[in-house]
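K.L.:
Output the structure for:
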Amino acid sequence: MLRSLILLLCLAICQAPVTFGQQLIGSVEVHDEALTSLIDPDAQLEVLAEGFEWSEGPVWVSDGEFLLFSDVWTNRIYRWKEGSKAEIFLEPSGYTGPPREGRIGGSNGLTLDSEGRLVMVQHSDRRIARLSGSLTDPEPEYDTITDLYEGKRYNSPNDLVYHSNGTLYFTDPPYGQDKELDFQGIYSITPEGTVRLLEAGMSRPNGLAFSPDESILYVANSDPEHLVLMAYDVLPDGGLDNGRIFFDGTDLMEEGLQGLHDGLKVDQDGNVFATGPGGVLVLSPEGVHLGTINTTQRTANCAFGDDGSMLYITAHSLLLRIPLLTRGTTP
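P.N.:
So this is what the prediction gives:
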């Protein structure tokens, strides 16, 4: 009996995320001298925690000074705070139905609304939802914001971002679900609850972010057959127009670098921090590749935190951070 208990304890410890102190990884690769005004080439990429199946969707919570992020394939959201280990914050996070066979996707992209409430995309529940309770004493209870478009279930909602007017934009690629819609969409939903399909021509729409003045919406296409970051003009009525390729990651992928375009964020000057082949690519507002934060891992997403000058990165099994010389906004 004692031997069995020891074995179970060992398995639990081995499977739990591990928090590190000052373990460093990767490097900053400079392709253009302009990068050095955004990030110190000698800046160190710190491992904060590891042991996740696919870390995703980081969001900084200023009121409390902690980071929330998803571990998609364990159906959990984790909380990390300086001086503490990463701990389970919510479970289940993205599939709340009865037990079922096959791979279950939890939450993916996370954000905060104007009232500081946690809003998330729920992969296997196939909806956009809001945490019902507070962030201080959370329970896995959710209010549905939207789960249908014209009476059909979404594919597998992936990422989301708020416009300053309260309209929520989100992407819906086809990952691991029986499709009811015959396209992959970029949508918006107004504060009043009106859902609008904005774009249906992308194969794998994924991460998205606004330019500082909200005149441009950047959207990642996570498709190795068409690995691009798109830019759309945001119209006065909230629609999208003039879709064009902002950056093409095909050459980097063909060099054998790991990862696809996934999550992205934009700093106060319009520079884009986009995950892609090699880690986090830093792109000028004109789409020039200034350099890469090489994470050594397939990299899912990133978020500005602290006072906006720290970049938190979710990279496969890891949670990372690196200091910046620029700043981005936090929700």
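
K.L.:
and the residue nearest the centre of the chain, what does it touch?
P.N.:
Ranked by distance to the mean C-alpha position of the chain (CA atoms, centre = their mean), the top residue is G57 at 3.1 Å. Residues in contact with G57, defined by CB atoms under 8 Å, 6 or more residues apart in numbering, are 69-70, 107-110, 120-121, 159, 263, 300-301, 314. For the C-beta atoms, the positions are set from N, CA and C on the backbone; glycine is no exception.

K.L.:
cool, V282 as well?
P.N.:
L35, L38, I39, N271, V272, F273, H289, L290, G291, T292, I293.

K.L.:
at 7 Å instead, please
P.N.:
L35, L38, I39, N271, F273, L290, G291, T292 (CB atoms under 7 Å, 6 or more residues apart in numbering).

K.L.:
Which among the residues you listed count as buried?
P.N.:
L35, L38, I39, N271, F273, L290, G291, T292 (16 or more other CB atoms under 10 Å).

K.L.:
pLDDT score for the residue nearest to the centre of the chain?
P.N.:
Looking at G57, its pLDDT reads 98.

K.L.:
what about L35, which SS state?
P.N.:
helix (DSSP: H, G, I helix; E, B strand; the rest coil).

K.L.:
Distance of it relative to V288?
P.N.:
In this view, L35 and V288 are 10 Å apart by CB to CB, to the nearest Å.

K.L.:
Report the buried residues of stretch 312-324.
P.N.:
Those buried within stretch 312-324 under the rule 16+ other CB under 10 Å are Y312, I313, T314, A315, H316, S317, L318, L319, L320, R321, I322, L324.

K.L.:
T171: which of those residues is nearest?
P.N.:
T314 (16.8 Å; CB to CB).

K.L.:
For the closest one, give me the pLDDT.
P.N.:
98.

K.L.:
Quickly list what the residue lying closest to it once chain neighbours are set aside is bridged to.
P.N.:
Leaving aside its chain neighbours, T314 sits nearest to S55 (3.7 Å; criterion: CB to CB, 6 or more residues apart in numbering). As for beta bridges, S55 partners with D71 under DSSP bridges.

K.L.:
Next, the contact list for S55, please.
P.N.:
F69, D71, A300, T314, A315, H316, S317, L318, L319.

K.L.:
okay, L5: pLDDT?
P.N.:
With respect to pLDDT, L5 has a value of 40.

K.L.:
Starting from L318, give me the distance back to A129.
P.N.:
26 Å.

K.L.:
I misspoke; the intended subject was I128.
P.N.:
Taken as CB to CB, the span from I128 to L318 is 27 Å.

K.L.:
if I've got this straight, the residue nearest to the centre of the chain is in a strand?
P.N.:
Yes. Using three-state DSSP, the secondary structure at G57 is a strand.

K.L.:
Sweet, I'm off.
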